[in-house]
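A.B. asks: kindly generate the corresponding structure for this input.
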Amino acid sequence: MDGSPVVGGGILLFISGSGWVKNPAAMKGLEQQVAVVTGGSRGIGRAVALRLAEAGADVAVVARSVEACAATVEGVRNLGRRAWAYAADVSQAASVEAAAEAILREAGRVDILVNNAGITRDGLLIRMSEADWDAVLDTNLKGAFLFTRAFARSMLKQRAGRIINISSVIGLIGNAGQTNYAASKAGLIGFTKSCAREFASRGVTVNAVAPGFIETDMTAVLNEEQRQAILARVPMGCLGRPEDVAHVVWFLALPESRYITGQVLTVDGGLVM
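C.D. replies: Okay, here's the model as predicted:
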């Protein structure tokens, strides 16, 4: 079978002596599309922006400052795609609306929205301040609402679009010390399903991706004891990489994923199977 082509899921693969080799052409699929990625300056957001650019999309990167977007923007441009940097506080309607207007004016359209911006303010419920509760809910949940509202009209008008919300397995199973984070991510799942029902008839799909424990700045603060405790819960025995999440976002963004909406895809090494 060496060198024999195998077709599966629309992706042509070849079997070689070193194993499976993906066809680069099959990993494209987003040419002439514009994607917006919030929280795109680092971690999962940066990986998503670069993966969509690899697939042919131009990318508008949103973060708290234009300077924070620089590395991601450079990475996208190095892949031969257009890229823009926008500063926005996703929890503030006026800031989101200004960014969205600028994106539509400069990019011309938006085909893919990835609501990835998120923060944590961990603490036990009995000690949690109202400010920490509000900060997490406003960024993680309200931010997705504001950006979705800002681009929904144009997507519905063009009768095509992909909205992908980055939730978390914590929104499915909860976690002690993260009531605010869990509430925001669970809320994002309900938000995803409701938007999916509202937008489906116009060809706009809305899905959520729920990462498990991924190697990012958020997990870098874990001590070795905490890390080992987490790994003991993950059947695959390792943390995920931002690229693992980005690959699923790419899949959901493809035109061929037109019949998938209102779903939650976990990327967690089997944690919540």
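A.B. asks: correct me, but Ala152 touches Arg202?
C.D. replies: No. Counting by CB atoms under 8 Å, Ala152 sits too far from Arg202 to count as a contact (9.4 Å). Every residue, glycine included, has its C-beta placed from N, CA and C.
A.B. asks: what lines up beside the strand of greatest length in the chain in the sheet?
C.D. replies: Counting by DSSP state E, the longest strand found in the chain is strand 204-211. Here strand 204-211 is paired, per DSSP bridges, with strand 161-166 (parallel), strand 264-267 (parallel).
A.B. asks: avg pLDDT for whatever helix or strand comes next after that strand?
C.D. replies: Downstream of strand 204-211, the first helix or strand assigned by DSSP states H and E is helix 217-220. In this model, helix 217-220 has an average pLDDT of 78.
A.B. asks: repeat for stretch 169-180
C.D. replies: The pLDDT scores in stretch 169-180 average 97.
A.B. asks: list of residues touching that stretch?
C.D. replies: Contact with stretch 169-180 is made by 120-125, 128, 132-133, 136-137, 181-182, 184-189, 210-212, 264, 266, 268, 271-272, as judged by CB atoms under 8 Å, 6 or more residues apart in numbering.
A.B. asks: the same query, at a cut-off of 6 Å, please.
C.D. replies: 122, 124-125, 133, 136, 181-182, 185-186, 189, 210, 212, 266, 268, 271-272 (CB atoms under 6 Å, 6 or more residues apart in numbering).
A.B. asks: please apply the same query to stretch 212-229.
C.D. replies: Gly43, Val169, Ile230, Leu239, Gly240, Arg241, Asp268, Gly269, Leu271.
A.B. asks: tell me the contacts of the first one?
C.D. replies: In this case it means Gly43. With CB under 6 Å, 6+ apart, Gly43 has these contacts: Thr216, Asp217, Pro242.
A.B. asks: and the pLDDT at the nearest residue to Ser129 once chain neighbours are set aside?
C.D. replies: The shortest distance from Ser129 to any residue other than its chain neighbours is 7.9 Å, reached at Gly123 (CB to CB, 6 or more residues apart in numbering). pLDDT for Gly123: 97.
A.B. asks: so what's the residue count around Gly123?
C.D. replies: Around Gly123 there are 15 other residues, counting by other CB atoms under 10 Å.
A.B. asks: ok, Gly45 next?
C.D. replies: Count around Gly45 with other CB under 10 Å applied: 27.
A.B. asks: what helix or strand does it sit in?
C.D. replies: For Gly45, the enclosing helix or strand under DSSP H and E is helix 43-54.
A.B. asks: so what does the helix or strand just after that helix touch, helix or strand wise?
C.D. replies: Sequence-wise, the next helix or strand downstream of helix 43-54 (DSSP H and E) is strand 58-63. Applying 3 or more CB pairs under 6 Å, 6 or more residues apart in numbering; DSSP states H and E, one finds that strand 58-63 makes contact with strand 34-38, helix 43-54, helix 70-78, strand 83-87.
A.B. asks: relative to Met27, which of those is closest?
C.D. replies: helix 43-54 (6.9 Å; CB to CB).
A.B. asks: tell me the mean pLDDT for that closest one?
C.D. replies: On average, helix 43-54 scores 98.
A.B. asks: send me that helix as CSV with only the CA atoms.
C.D. replies: These are the backbone C-alpha positions of helix 43-54, laid out as CSV (Å, rounded to 0.1, in the frame of the first residue of the first chain):
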residue,chain,number,x,y,z
GLY,A,43,-2.3,31.4,23.1
ILE,A,44,-5.3,29.8,21.4
GLY,A,45,-6.3,33.0,19.7
ARG,A,46,-2.9,33.4,18.0
ALA,A,47,-3.0,29.7,16.9
VAL,A,48,-6.5,30.1,15.5
ALA,A,49,-5.5,33.3,13.5
LEU,A,50,-2.5,31.5,12.0
ARG,A,51,-4.4,28.4,11.2
LEU,A,52,-7.1,30.3,9.4
ALA,A,53,-4.4,32.3,7.5
GLU,A,54,-2.8,29.0,6.5
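A.B. asks: got the angle between it and strand 58-63?
C.D. replies: Taking axes from the mean of the first three to the mean of the last three CA atoms, to 10 degrees, one finds helix 43-54 and strand 58-63 inclined to each other by 170 degrees.
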